[in-house]
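Asker: Build me a structure from this.
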Amino acid sequence: MVAKTFGSSVSGVDAKLITIEVNVGQGTNFYMVGLPDSAVKESQQRVESALKYFGFRMPRQKVVVNLAPADIRKEGSSYDLPIALGILKASEQVGFPELEEYIIMGELSLDGQLRPIKGVLPIAIEARKRGFKGFILPQANASEASIVNNLDVIGVDSLEEAIGFLEGEKDIAPTASDTRDIFYDSLEDYEFDFADVQGQENIKRAMEIAAAGGHNVVMVGPPGAGKTMIAKRLPSILPPLTLQEALETTKIHSVAGRLGRDAALIAQRPYRSPHHTISDVALVGGGGNPQPGEISLSHHGVLFLDELPEFKRTVLEVMRQPLEERRVTISRAKITVDYPANFMLIASMNPCPCGYYNHPEKECVCGPGVVQRYLNKVSGPLLDRIDIHVEVTPVKFEEMTATRKAENSKSIRERVVVGRERQMKRFEGENNIYCNAMMPSHMVKDVCHINEAGKVLLKTAMEKLGLSARAYDRILKVSRTIADLAESEDIKVEHLAEAIQYRSLDREAWAG
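Answerer: Now for the predicted structure:
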């Protein structure tokens, strides 16, 4: 007898329907076909042990399990549950009248309990798209799948519960959650707040501009000046995620298996801070079985690279294309996978190896030329993609001990949202352009108009400060954001002057 169950495989951040066909007939041996990897092939031992644990038997006949379509490689252990249920039906040990109305996924332990799996959200979306009645999966993943409406999400803890439900002997209520309630209730749950940061008003201002325009930032300053502290608080002033952005972000974390047990929708913008020993594959994604990297896990959020010059040159260079295209394409011999990577890059670095170049109190002990060689570890093309360069100075004792409460993140975020709304209106109708940082060069001339006084100021700045030619567009984009925060239609001289301050590393005389 032939029985069919349905599962799914995940490619990139999307799922594909997989049909699991089981045939039990005359002969001997167990055959698994359809390009299964080792983890799928090993399901035979897990399935046999689980069936015996609950009093069923593994057929002592020829069992053929086909995973169709046969030209797609099947990976992972999440096919255990549909294979076990297919064997039970094909060997006529149970009836399962509604077996083909559900997508079924889950990894079995030897005693028949179910372990959590990856990629549940894209599978649930595919199940609804294909018109399935429901999705049977481990209970630990049920909250994640319940984000998708119009789909019965049946969370089970064991093979026995799945059998009882499909036989109609056990009544399991579908897991339900109000996606919008979960989303809006969690929007304000930020762990860090700018109210904790005393002093550093100029750096907080730079972060407000960066958040409003989606600009990348590099902070240069001595150890202990507050660079990491400020970077951690940047997500709290970014505009809140939209429901669509939250779903996209949750899909990526689901595929990577980063959501955790009983997790649901991600409502805050992600913040990722990889160590400087990270490999290029871990940063951009990839591997034999392609997985999203840190830049995709930062989608719609912040990627913070602390001690930027300590990262390997190859690691930093692979970010250049994703920073421009806002997606990552991973190509292998038999598969090409796209992962979204629309993130804000925030980097920090010491001004020199000892950390005290330009320090107001401590003396730099680095030799001649050492400072410049240290800064040259970060390539010009990468700095070209970073709009705002700011120098961070140590916080004075009087500021640290001040009793005056610093401005909180909520107040700053309100101004940022106003600035973003102006940009959304400006770029309405443009494809994949939502903020000033995304403007291509040809659009900068049309959007960033400056008067004669502004042109004179910009020309003088480029000549006197030795600013590079690549700084020109960046200054105009940042000045446009500053004007948006001031609710000004025109870019004024004071907006340009402030933007020019944020190009420290472009000065030819910087660091000698």
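Asker: C-alpha only now, for contacts and for neighbours.
Answerer: OK.
Asker: For the residue lying closest to residue 74 once chain neighbours are set aside, give its distance to residue 302.
Answerer: Leaving out its chain neighbours, the residue that sits closest to residue 74 by C-alpha to C-alpha, 6 or more residues apart in numbering is residue 36, at 4.8 Å. For residue 36, the distance to residue 302 equals 37 Å [C-alpha to C-alpha, to the nearest Å].
Asker: Also residue 387?
Answerer: Distance from residue 387 to residue 302, by C-alpha to C-alpha: 15 Å.
Asker: now residue 452
Answerer: 37 Å.
Asker: Residue 76 contacts residue 37, correct?
Answerer: Yes: using C-alpha atoms under 8 Å, residue 76 makes contact with residue 37 at a distance of 7.4 Å.
Asker: Out of these two, name the residue with the larger neighbour count.
Answerer: It is residue 76, of residue 76 and residue 37, that has more neighbours when counted by other C-alpha atoms under 10 Å, with 19 against 13.
Asker: Go ahead and list the helix or strand containing that one.
Answerer: For residue 76, there is no host helix or strand (DSSP states H and E).
Asker: Tell me which residues touch it, please.
Answerer: 37, 39, 40 (C-alpha atoms under 8 Å, 6 or more residues apart in numbering).
Asker: And for residue 317?
Answerer: Contacts of residue 317 (C-alpha under 8 Å, 6+ apart): residue 382.
Asker: gap between the closest residue in space to residue 415 that isn't next to it in sequence and residue 419?
Answerer: Closest residue to residue 415 apart from its sequence neighbours, by C-alpha to C-alpha, 6+ apart: residue 485 at 6.7 Å. Distance of residue 485 to residue 419, computed by C-alpha to C-alpha: 5 Å.
Asker: okay, those two: which has more neighbours?
Answerer: residue 419 (24 against 20).
Asker: From residue 434, how far out is the more buried one?
Answerer: Distance from residue 419 to residue 434, by C-alpha to C-alpha: 12 Å.
Asker: pretty sure residue 350 contacts residue 222?
Answerer: Yes: if you go by C-alpha under 8 Å, residue 350 and residue 222 touch, sitting 5.4 Å apart.
Asker: can you list residues touching both of those two?
Answerer: Common neighbours of residue 350 and residue 222 (C-alpha under 8 Å, 6+ apart) are residue 356.
Asker: how close does the residue most central in space within the chain sit to residue 433?
Answerer: For the chain, residue 297 is the residue whose C-alpha lies nearest the centre (C-alpha atoms, centre = their mean; 2.3 Å). Distance, residue 297 to residue 433, using C-alpha to C-alpha: 21 Å.
Asker: Quickly name whichever of the contacts of residue 76 is closest to residue 167.
Answerer: Proximity of these to residue 167 (C-alpha to C-alpha) peaks at residue 40, which lies at 25.9 Å.
Asker: Give me every residue in contact with the host helix or strand of the closest one, excluding its own residues.
Answerer: Taking DSSP H and E as the criterion, residue 40 maps to helix 38-41. Helix 38-41 is contacted by residues 32, 74, 75, 76, 77, 79, 80 when judged by C-alpha under 8 Å, 6+ apart.
Asker: The third one contacts residue 42, doesn't it?
Answerer: No: Residue 75 sits out of contact with residue 42 when judged by C-alpha under 8 Å, with a separation of 11.1 Å.
Asker: Who has more neighbours out of residue 452 and residue 302?
Answerer: residue 302 (25 against 9).
Asker: element containing residue 399, please.
Answerer: Counting by DSSP H and E, residue 399 is found in helix 397-400.
Asker: scratch that, residue 418 is what I was asking about
Answerer: helix 409-426.
Asker: Now residue 396. Nearest residue, chain neighbours left out?
Answerer: residue 199 (7.8 Å).
Asker: quick one: contacts for that neighbour?
Answerer: Each residue near residue 199 by C-alpha under 8 Å, 6+ apart is listed here: 395, 396, 399, 400, 406.
Asker: got the contact list for the last one?
Answerer: Shown in contact with residue 406 (C-alpha under 8 Å, 6+ apart): 194, 195, 196, 197, 198, 199.
Asker: Isn't residue 349 up against residue 219?
Answerer: Yes: in this structure, residue 349 is within contact of residue 219 by C-alpha under 8 Å, at 6.3 Å.
Asker: ok, those two, which is more surrounded?
Answerer: Neighbours per residue, other C-alpha under 10 Å: of residue 349 and residue 219, the larger number sits with residue 219, 27 against 23.
Asker: All set, thanks.
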